[in-house]
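Asks: when you get a sec, could you give me coordinates for this:
(one chain, ligands or ions: 2)
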Amino acid sequence: MESQLTETIFKALDRFRIEIPSWGFANTGTRFGKFLQAAAAGTIEEKFSDAGQVHSLTGVCPTIALHVLWDFPHGLDSIHEVAALANQYGVQPGSINPNLFQDQIYKFGSFGNPDEKARTEAMEHSQDSIAIARGLKSRDISFWFADGSNYPGSANIRQRKRWFEECLQQLHAALSPEQRMLVEYKPFEPAFYHTDIADWGMAFLLARKAGPQAKVLVDTGHHYLSQNIEQIVAWLLAEDMLGGFHFNDRRYADDDLTLGSIDPYQVFRIFHEILFFEWEGGKHADIAYMIDQSHNLKGKMEAMIQTVTMAQELFAKAALVDYKQLVAAQQSADIVRAEGCLQDAFATDVRPAIRAWRTTKGLPENPQEAFRQSGYLERVTQERGARNMSNAGSYA
Ligand code: PSV
Ligand code: MN
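Replies: Residues are numbered from 1 along each chain as shown. Ligands and ions are numbered 1, 2, ... in the order given. Here you go, the predicted model:
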């Protein structure tokens, strides 16, 4: 491979980091049940241990996203335990995700709930989440709301919008100067008629009203089919409103499939918009890249390693676009040449350069193979198996 290409790929990889979600290592299910995995993590320590493994093999996942209800059993009092685990396992706490959807009190919503008690509880939990993030030196507090309704007429959409505005404004006021609030949108599930923050425009308006430290978080699975996600990315970048990304892939809805397993070109196009924006503007786009996937059938750690390596490949490919040629082709409306700039970069096999980069960093050339050889999976299967397999969830 030409040395210029290799250099561009190395540079791209040097700066690329992606956060892994604690919930990606736990046993999860579908609406119809759970299929258990003997090696799944069942405690916060096991999640840190698994995340530490993924980081030590890939070198690019220094942080783990944490879900407050699932990972901080004692709320604020769990901060010390989590901080100690972070040091022990060599991965730092990343984004802090309040859980405003699982408790019974949220049956009819959190900030959009007509019952003031539920709204107050949601606010208290959110304030605690901000304090937890501060205690752990986590910059981002990532808000996703399951709020919505299933039947026309059953919710006052404008009233709920006002509650969301008020609550987010109050929470923004509680942020420290270095903290950020990320507002995630999703058009469906669990609500199937209306969702309070259904799309990027709604998230954008709420974030803008909340204050300058609020940005939008895009989750690839949270769009209608065939929606042009990279255009949304380009607009948010242009408005300085893109704060974070939850990566996953899908075929139908929010399927949580492995990144790039269905449509790698889409992920490439998203990265391209980001890198093209940076090249044109000469500035860095401050976006937290995170994975938001939980696998029921694939091995969780294998799926995570597969995702990280795929993300690196697609990011490296996107970095290969010849911008000068692209701009010239766009300018002269040479459509085929412009499109070719993207296609040529996408078609480049970046894997040899990525393997070489890993070697220079003292990382295994093939993290998946190294994981298989490490014996880690066999060890944790042995340690966790009996507990995990007796813990089947049933909806009966
Ligand atoms: C919701 O589907 C979501 O994407 C949000 O980011 C949650 O925090 C995450 O999944 C985990 O349930
Ligand atoms: Mn998400």
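
Asks: what distance separates the start and the end of stretch 29-46?
Replies: Stretch 29-46 has an end-to-end distance of 19 Å (CA to CA, to the nearest Å).

Asks: could you pull up phi and psi at residue 366?
Replies: phi -120, psi 90 (degrees, to the nearest 10).

Asks: repeat for residue 140
Replies: Dihedral angles (degrees, to the nearest 10) for residue 140: phi -100, psi 130.

Asks: what sits against it?
Replies: Residue 140 makes contacts with 94-96, 133, 179-182, 243-244, 288, as judged by CB atoms under 8 Å, 6 or more residues apart in numbering. All C-beta spots, glycine's among them, are computed from the backbone N, C-alpha and C.

Asks: quick one, phi psi at the closest residue in space to it that isn't next to it in sequence?
Replies: The shortest distance from residue 140 to any non-neighbouring residue, by CB to CB, 6 or more residues apart in numbering, is to residue 95 (4.2 Å). Here is the backbone geometry of residue 95 (degrees, to the nearest 10): phi -70, psi 150.

Asks: from what I can see residue 121 touches residue 105, true?
Replies: Yes: counting by CB atoms under 8 Å, residue 121 does reach residue 105; the two are 5.5 Å apart.

Asks: of all residues in the stretch 251-396 of the chain, which one is closest to ligand 1?
Replies: Closest to ligand 1 within the stretch 251-396 of the chain is residue 292: 4.9 Å, counting by CB to the nearest ligand atom.

Asks: next, count neighbours for the residue nearest to that residue when sequence neighbours are not counted.
Replies: Distance criterion CB to CB, 6+ apart; nearest residue to residue 292, sequence neighbours excluded, is residue 246 at 3.5 Å. Residues within reach of residue 246, counting by other CB atoms under 10 Å, total 26.

Asks: confirm that residue 246 sits in a strand.
Replies: Yes: under DSSP: H, G, I helix; E, B strand; the rest coil, residue 246 falls within a strand.

Asks: list the contacts for it?
Replies: Counted by CB under 8 Å, 6+ apart, residue 246 has contacts 184, 217-222, 290-292.

Asks: which ones are touching residue 13?
Replies: With CB under 8 Å, 6+ apart, residue 13 has these contacts: 60, 312, 315-316, 354, 357.

Asks: quick check: buried residues in the one helix or strand it maps to?
Replies: Using DSSP states H and E, residue 13 maps to helix 3-15. Within helix 3-15, the residues scored as buried using 16 or more other CB atoms under 10 Å are 5, 8-10, 12-13.

Asks: can I assume residue 168 is in contact with residue 209?
Replies: Yes: the criterion here is CB under 8 Å, and residue 168 meets it with residue 209 at 7.2 Å.

Asks: between those two, which one's more packed in?
Replies: residue 168 (22 against 14).

Asks: so where does that one fall, helix or strand?
Replies: helix 157-173.

Asks: residues from this protein in reach of ligand 1?
Replies: 23, 97, 144, 184, 186, 219, 246, 254, 292 (CB under 6 Å from any ligand atom).

Asks: columns pLDDT and distance to residue 46 on top of those residues, output as CSV?
Replies: Converted to CSV, the residues of the chain next to ligand 1 look like this (pLDDT from 0 to 100; distance: CB to CB, whole Å):
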residue, pLDDT, distance to residue 46
23, 96, 12
97, 98, 18
144, 98, 24
184, 98, 26
186, 98, 28
219, 98, 25
246, 98, 22
254, 95, 25
292, 98, 19
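
Asks: and the residue of the stretch 1-150 of the chain nearest ligand 2?
Replies: residue 144 (5.8 Å; CB to the ion).

Asks: give me the neighbour count for that residue.
Replies: 21.

Asks: per-residue pLDDT of the residue of the chain most remote from its centre, please?
Replies: Most distant residue from the mean C-alpha position of the chain: residue 332, 37.4 Å away (CA atoms, centre = their mean). Listed pLDDT for residue 332 reads 98.

Asks: tell me who's in contact with whichever residue of the chain sits closest to ligand 1.
Replies: Of all residues in the chain, residue 144 sits closest to ligand 1, at 3.8 Å by CB to the nearest ligand atom. Contacts for residue 144 (CB under 8 Å, 6+ apart) come out as 97, 100-101, 184, 186, 217, 219.

Asks: kind regards, and thank you for your time.
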